[in-house]
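Chemist: Got a sequence here, can you build the structure:
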Amino acid sequence: MSIGDYVPADRKDETVKFDQAILDIFGELDRDRLMERVVRYARDQVGAGGSSVFLRDDITGTYVLQATTGLQDEAQAPDRRIEYLPGEGLTGWIAKHGRPLRIDNVMDREALHRIAADLTWSKKYSEITSQQGEAYLGVPIMSRDGHAVMGVLRVSAKRRGQRFSEADERLLVNIAQIVSIAIENSRRYEQEKRRARYFQLLLDISATLNPRRPLNEMLNEVVSRLQRGYRAEACQLYLRDENDTSRLVLRAASGLPEELIGRMSYEVGQGLIGYVADSGQPVRARERDQTGKWLTDQRDQQTIELATHLPSKRYRSFLGIPLILGDEVHGVLALVNKIPSSPGHRDWFTADDYEYLSLLGTELAAVLESGRYLRALSEVGVTALRMQRIASFGTLAQRLPHETSNPLAVARLALANLRTDLQTLSEGLANRAEDISRLFRRLDVIEAQIEEVSNKLLNLVRFSQQIGFTRVTTHWNDVIREALIWLAAERRRRKVEVHALYGELPPLFVEPNELFGVVVVLLRVMMEGLGEAGGLVEIRTEAVNQGQVVRTTVCCTHPGIQQAVATTVEPSATTNQDLSPLHFEWALARQTVEQQYGGTLRWSADGEDTVRFVMDLPSNKESLL
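Modeler: Purely as a prediction, here's the structure:
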């Protein structure tokens, strides 16, 4: 017997339309459109005033309204979630018992009790808003194996005040069987489509993961993409505090105020985030499921505070995964509050959500670990460079006395002998007194220069023995000039011209040789960026902040220089090649300026063709002591 056997005789001419409607239902893969087709089809086939279809929420176990038709008085479909617990009202009774229900008047309590003692009308929702109490017919939508109730299909208000017949019930049962198959097909389609979307999201995010990128920039991009891709109200990423590994600090977030980043934290084992980190296990929870106590725990003050910044003002659903590499939990990645695409759609995180987020979490943990190793190697490189300089100072201190004392002693002895010889000659050359006097004056100049060289070498020996950390009052413009002289040969070889503009500056209390090296690094990075073609570099000094800061700006405009300089100073964002030695020189320069002098050293680009280094040094002597 086929569904066509249930078509009333006076409607046999609609068989072709009937069959086409069945094909349309079977062919519809979009769930929303499928549900709309189902309720219209059911309403029309049994001649009802309205029809609704409810599907089971696999997490809560409730039956949620998916589509409805037949509303009168220009009423709109509900914009809130309509759901029934198993056994609640007529719809819940059908879902609980898996049996059809056909009654003449939903408001007739005696008739309801004759059918079943636990059968009551909940008055929660009716398709016909102005004619409650009309006839009602509902049937379960069973799974293919017949063991589970997937949903409920119901119709109400038979046209012209008629009752629903046994034929109507048989017809609706058969329609429900067709709908069951169509729903399973739609679910498979939606699942595969969702997996494809998540897989593409995973590929897109994976392309942005690079341990050489600035960490904050990379993490902010990850959480932003995840929030949009998973349609969540917020995405949070916590990492262990490097100074206190029992503490998890919010390092990146999307959907939450930026001022919470770096301030919000959990102790390991505290609240949702702390539980995930402590157990190393994921949590996929929903407000009304068995783990709901986690989402509403009044002792979790951090979660309560975070909830105030969400559109929902509370945690409705949560998915958190540990970022694990080996046996170590680096942090926690969490999504909060799934946003349903429309009323009745899922507002929880699925197993697919967890599966693909876990894959990304594993990759992210590996990148974080790689980044940590790279930072450690960079620190080792900078430390090695500093130690190399210290060692070279010590070597200089040992070599200077041996390599300079003998030549100076010989020069002084030769000068003394020459003075004696000239004195002897002058006694016999009284008529050449003026010429001899001029020679003596020249000898005085030479002797003064030798004495000055000797004193400077002595100071250099003392300075080298103190490993280069002796600070003196210094004229900064002189340091710049000395750096330019030092690089004169290299500038000529690289065809680089330098224009310098020196401002009126207060004296600086610094170690001139240490900052001399910083200026040399900045100029070398610029020259390296110019390449073989050479070009023009401009350097300018000025006093800013009412003379409290001495600013040095090194600027260059040249095609493509931004990329070339970025490759040296920030290779993590631009290249996978080996790090240039100048990268460590730059890192040491920044460390020196910022940590030793409380200043700043930064670089910026205007487009692709202009790069600028700006170094600010405080002129207040007391701030440097």
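Chemist: And the next helix or strand past the one helix or strand in the chain whose mean pLDDT sits lowest?
Modeler: Every helix and strand of the chain was ranked by mean pLDDT, DSSP states H and E. The lowest is helix 292-295, at a mean of 52. Downstream of helix 292-295, the first helix or strand assigned by DSSP states H and E is helix 301-307.
Chemist: just checking, what packs against that next one?
Modeler: helix 271-279 (3 or more C-beta pairs under 8 Å, 6 or more residues apart in numbering; DSSP states H and E). Quick note: C-beta positions are derived from backbone N, CA and C, even for glycine.
Chemist: ok, whatever helix or strand comes next after the helix it packs on: who's next to it in the sheet?
Modeler: Sequence order places strand 283-286 as the next helix or strand after helix 271-279, per DSSP H and E. With DSSP bridges as the test, strand 283-286 is paired with strand 317-325 (antiparallel).
Chemist: what's the partner strand in contact with?
Modeler: By C-beta atoms under 8 Å, 6 or more residues apart in numbering, the residues outside strand 317-325 that reach it are 239, 272-273, 276-277, 279-287, 294-295, 329-338, 347-349, 353-354, 357-358, 361-362, 364-366, 368-369.
Chemist: so what's Arg471 closest to, chain neighbours aside?
Modeler: For Arg471, ignoring the flanking residues on the chain, the nearest one in space by C-beta to C-beta, 6 or more residues apart in numbering is Glu511 at 4.9 Å.
Chemist: And that neighbour, how close does it get to Leu310?
Modeler: Distance, Glu511 to Leu310, by C-beta to C-beta, to the nearest Å: 52 Å.
Chemist: For Leu119, see how far away Trp348 is.
Modeler: In terms of C-beta to C-beta, Trp348 sits 30 Å off from Leu119.
Chemist: Check Glu28 too.
Modeler: 33 Å.
Chemist: same thing with Asp478?
Modeler: On the measure of C-beta to C-beta, Asp478 and Leu119 end up 98 Å apart.
Chemist: These two: who's more crowded?
Modeler: More crowded of Asp478 and Leu119, by other C-beta atoms under 10 Å: Leu119, with 20 against 12.
Chemist: which SS class is the more buried one?
Modeler: coil (DSSP: H, G, I helix; E, B strand; the rest coil).
Chemist: Name the nearest residue to it, sequence neighbours excluded.
Modeler: That would be Leu112: by C-beta to C-beta, 6+ apart, it lies 4.6 Å from Leu119.
Chemist: Quick check: the one you found is in a helix.
Modeler: Yes: if the criterion is three-state DSSP, then Leu112 is within a helix.
Chemist: can you give me the strands for the stretch 451-600 of the chain?
Modeler: 472-474, 496-501, 508-510, 535-544, 549-557, 600-606 (DSSP state E, counting those that start in this stretch).
Chemist: so what's Ala307 up against?
Modeler: Going by C-beta under 8 Å, 6+ apart, the list of residues near Ala307 reads Lys313, Arg314, Tyr315.
Chemist: And those residues, which is closest to Tyr502?
Modeler: Using C-beta to C-beta, Lys313 is the member of those that sits closest to Tyr502, with 59.8 Å.
Chemist: you'd agree the closest one is in a helix?
Modeler: No: applying three-state DSSP, one finds Lys313 to be coil, outside a helix.
Chemist: What is the burial count for it?
Modeler: There are 9 residues near Lys313, going by other C-beta under 10 Å.
Chemist: and what of Gln162?
Modeler: 14.
Chemist: Same check on Glu259?
Modeler: When neighbours are counted by other C-beta under 10 Å, Glu259 comes out with 8.
Chemist: I'd like the distance between it and Ala253.
Modeler: For Glu259 relative to Ala253 (C-beta to C-beta), the value is 10 Å.
Chemist: low-scoring pLDDT stretches of the stretch 501-625 of the chain, where are they?
Modeler: 571-580, 621-625 (pLDDT under 70).
Chemist: Now do the helices for it: every range, in order, please.
Modeler: 512-530, 561-569, 581-591, 597 (DSSP state H, counting those that start in this stretch).
Chemist: and the first one, how far from the chain's centre?
Modeler: Between the centre of helix 512-530 and the centre of its chain there are 33 Å (C-alpha atoms, centre = their mean, to the nearest Å).
Chemist: other SSEs contacting that helix?
Modeler: Against helix 512-530 (3+ C-beta pairs under 8 Å, 6+ apart) you get helix 476-486, helix 488-494, strand 496-501, strand 535-544, strand 549-557, helix 561-569, helix 581-591, strand 610-618.
Chemist: Mind exporting the C-alpha coordinates of the second one to PDB?
Modeler: Once non-C-alpha atoms are left out, helix 488-494 reads as follows in PDB (Å, rounded to 0.1, in the frame of the first residue of the first chain):
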ATOM      1  CA  ALA A 488      83.000  55.900   5.900                       C
ATOM      2  CA  ALA A 489      84.700  53.200   4.000                       C
ATOM      3  CA  GLU A 490      81.700  50.900   4.100                       C
ATOM      4  CA  ARG A 491      79.400  53.700   3.000                       C
ATOM      5  CA  ARG A 492      81.600  54.400   0.000                       C
ATOM      6  CA  ARG A 493      81.800  50.700  -0.900                       C
ATOM      7  CA  ARG A 494      78.000  50.400  -0.700                       C
END
